[in-house]
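Visitor: attaching a predicted model along with its sequence, questions to come.
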Amino acid sequence: MSNELLFFGSFLLFIILMLSIDLGVFSKKDHVVSFKEAAVMSFIWVSFAMGFYFLLLTEGQLLHGIESFAQLQDITAKHFHNITLVPGNFGASLNIYNQNLALEFLTGYVIEYALSVDNIFVMVLIFSAFGVDEKYYHRVLVWGIMGAIVMRFSFIFLGATLITRFDWILYIFGAFLLYTGIMMLLKRAEDNIDTQNHTVVKFASKYFSVHPEFVGNKFFIKIDGKRFITPLFVVLLIVEFTDLIFAVDSIPAIFAVTKDPYIVFFSNIFAILGLRSMFFLLVNVIHKFHYLKTGLAFLLIFIGLKMLVHHWAKDWGFQTIHSLFIIIGILTVSVVASLIFPKKRGKVEP
């Protein structure tokens, strides 16, 4: 078995274990997740991500089983375009490789985590529009994350295969992200969701028997021998559909940082796992950060431009660390601007 499969398999086992603990312990009883509990959950997931960062920083060569300078050169040529090895010095070159690998993971993680905020805006609208009880949010999000992991896995390795065979596809990704960012800037945010005419609602009504009312935390119910899906399951389908749409933006964005599909997957999954706890942290204050969407639009524009000029970036001396600084700068400015210039509310009608 190759080192990649061992590393990847160990990672998946860790994720399955954590989600099993979550479902078996934290989701045993439906309840409204408090701010304190969400903060603890967020700290745990961010700590795991940082722990993985330090693992790559010190033992990153284990991912691809690098044991010689020749192997290191082959991997670097395949996945990296912005690092220079030290000729004849395997130890120093390995340190450079590990540092770059870890930095690419961290940058991808920050990008994906930031873009998840836009996902949270939509999830808040979904839960509100369908009148989902707050104590069932956690259950929907946990199962939604499981589905998202499977979808992201397929998307990421398909994208990596396409990039390996057709390098020009990076230009298509870049143009798409640039277009998406510009449209996000120009398009006004939607303030409601049409629960009757939503694409997923129509699909579910056409192909499944849908029970008209929520039945506690159940996704399915059987009445007189006939199985129905509940509105809670319809909401879960909409959450999955929403993640599918966001994946079209976020996954190409990480390919702007690294071509290594494993790093893309690891950073993506850690961000998704932290999305649920971040949702509960921000659900009651998300409206205060009204410039975040603008910041995310500029983030997509920057990443799209970077992909369009990626062949020249190395000649200009542009490194992954520069991308990280710019990304953090964009997010910081959007958050600070939201706090300094709060959104004006209209007059309240009696």
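Guide: Received the coordinates, thanks.

Visitor: was I right about Ser323 contacting Gly108?
Guide: No. Under the criterion of C-beta atoms under 8 Å, Ser323 makes no contact with Gly108, lying 9.8 Å away. The way it works is simple: take the backbone N, C-alpha and C, and place the C-beta from them, glycine included.

Visitor: quick check, pLDDT for the closest residue to Lys135 other than its chain neighbours.
Guide: Nearest non-adjacent residue to Lys135, counting by C-beta to C-beta, 6 or more residues apart in numbering: Asp30, 4.6 Å away. Per-residue pLDDT puts Asp30 at 71.

Visitor: sec struct for Asp30, please.
Guide: Following DSSP: H, G, I helix; E, B strand; the rest coil, we place Asp30 in the coil state.

Visitor: contacts only, for it.
Guide: Counting by C-beta atoms under 8 Å, 6 or more residues apart in numbering, Asp30 touches Lys135, Tyr136, His138, Arg139, Gly216, Asn217.

Visitor: same question, Ala92
Guide: If you count contacts by C-beta under 8 Å, 6+ apart, then Ala92 has Val86 around it.

Visitor: ok, Asn3 next?
Guide: By C-beta under 8 Å, 6+ apart, the contact set of Asn3 is Leu62, Leu63, His64, Gly65.

Visitor: can you flag the buried ones in those?
Guide: Among the contacts of Asn3, those buried by neighbour count (16 or more other C-beta atoms under 10 Å) are Leu62, Leu63, His64.

Visitor: what's the closest of these to Phe35?
Guide: Leu63 (36.5 Å; C-beta to C-beta).

Visitor: next, the closest one: phi, psi?
Guide: Backbone torsions for Leu63, taken as degrees, to the nearest 10, come to phi -60, psi -50.

Visitor: go on, the one 4 residues further on?
Guide: In this entry, Glu67 is assigned phi and psi values of phi -130, psi 0 (degrees, to the nearest 10).

Visitor: what's the separation between it and Asn98?
Guide: With distances taken as C-beta to C-beta, to the nearest Å, Glu67 is found 14 Å from Asn98.

Visitor: intersection of neighbour lists for those two?
Guide: Common neighbours of Glu67 and Asn98 (C-beta under 8 Å, 6+ apart) are Gln61.

Visitor: looking at the two, which is more packed in?
Guide: Ranked by neighbour count (other C-beta atoms under 10 Å), Glu67 and Asn98 place Asn98 first, with 20 against 12.

Visitor: what sits closest to that one if chain neighbours are left out?
Guide: Spatially, and ignoring its direct neighbours in sequence, Asn98 is nearest to Gly60 (3.8 Å; C-beta to C-beta, 6+ apart).

Visitor: from what I can see that neighbour touches Ala102, true?
Guide: Yes. Counting by C-beta under 8 Å, Ala102 is a contact partner of Gly60 at 6.1 Å.

Visitor: follow-up on the earlier one: pull the contacting residues for the residue nearest to Asn98.
Guide: Gly60 touches Tyr97, Asn98, Leu101, Ala102, counting by C-beta under 8 Å, 6+ apart.

Visitor: then Met151?
Guide: Taking C-beta under 8 Å, 6+ apart as the test, what Met151 contacts is Glu240, Asp243, Leu244, Ala247.

Visitor: is it true that it lies in a helix?
Guide: Yes. Secondary structure of Met151 (three-state DSSP): part of a helix.

Visitor: all helices of the stretch 101-250 of the chain, in order?
Guide: 137-165, 169-186, 199-207, 231-255 (DSSP state H, counting those that start in this stretch).

Visitor: I'd like the ones you listed laid out as JSON lines, including mean pLDDT and distance to Val333.
Guide: Putting the helices of the stretch 101-250 of the chain into JSON lines (pLDDT from 0 to 100; distance: least, C-beta to C-beta, whole Å) gives the following:
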{"stretch": "helix 137-165", "mean pLDDT": "79", "distance to Val333": "29"}
{"stretch": "helix 169-186", "mean pLDDT": "83", "distance to Val333": "15"}
{"stretch": "helix 199-207", "mean pLDDT": "85", "distance to Val333": "35"}
{"stretch": "helix 231-255", "mean pLDDT": "83", "distance to Val333": "19"}
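
Visitor: Ser323 and Gly108: which is more packed in?
Guide: In this view Ser323 and Gly108 are compared by other C-beta under 10 Å, and Gly108 has more residues nearby, 29 against 23.

Visitor: per-residue pLDDT of that one, please?
Guide: Per the predicted model, pLDDT is 88 at Gly108.

Visitor: and what of the one 3 residues further on?
Guide: We have a pLDDT of 88 for Ile111.

Visitor: what's near enough to touch the closest residue to it other than its chain neighbours?
Guide: Nearest residue to Ile111, sequence neighbours excluded (C-beta to C-beta, 6+ apart): Ala253, at 5.4 Å. Counting by C-beta under 8 Å, 6+ apart, Ala253 makes contact with Ile111, Glu112, Leu115, Leu177, Leu300, Ile303.

Visitor: out of these, who's nearest Ala271?
Guide: Proximity of the contacts of Ala253 to Ala271 (C-beta to C-beta) peaks at Glu112, which lies at 3.5 Å.

Visitor: ignoring the adjacent residues along the chain, who's closest to the closest one?
Guide: Ala271 is the one closest to Glu112 (C-beta to C-beta, 6+ apart), at 3.5 Å.
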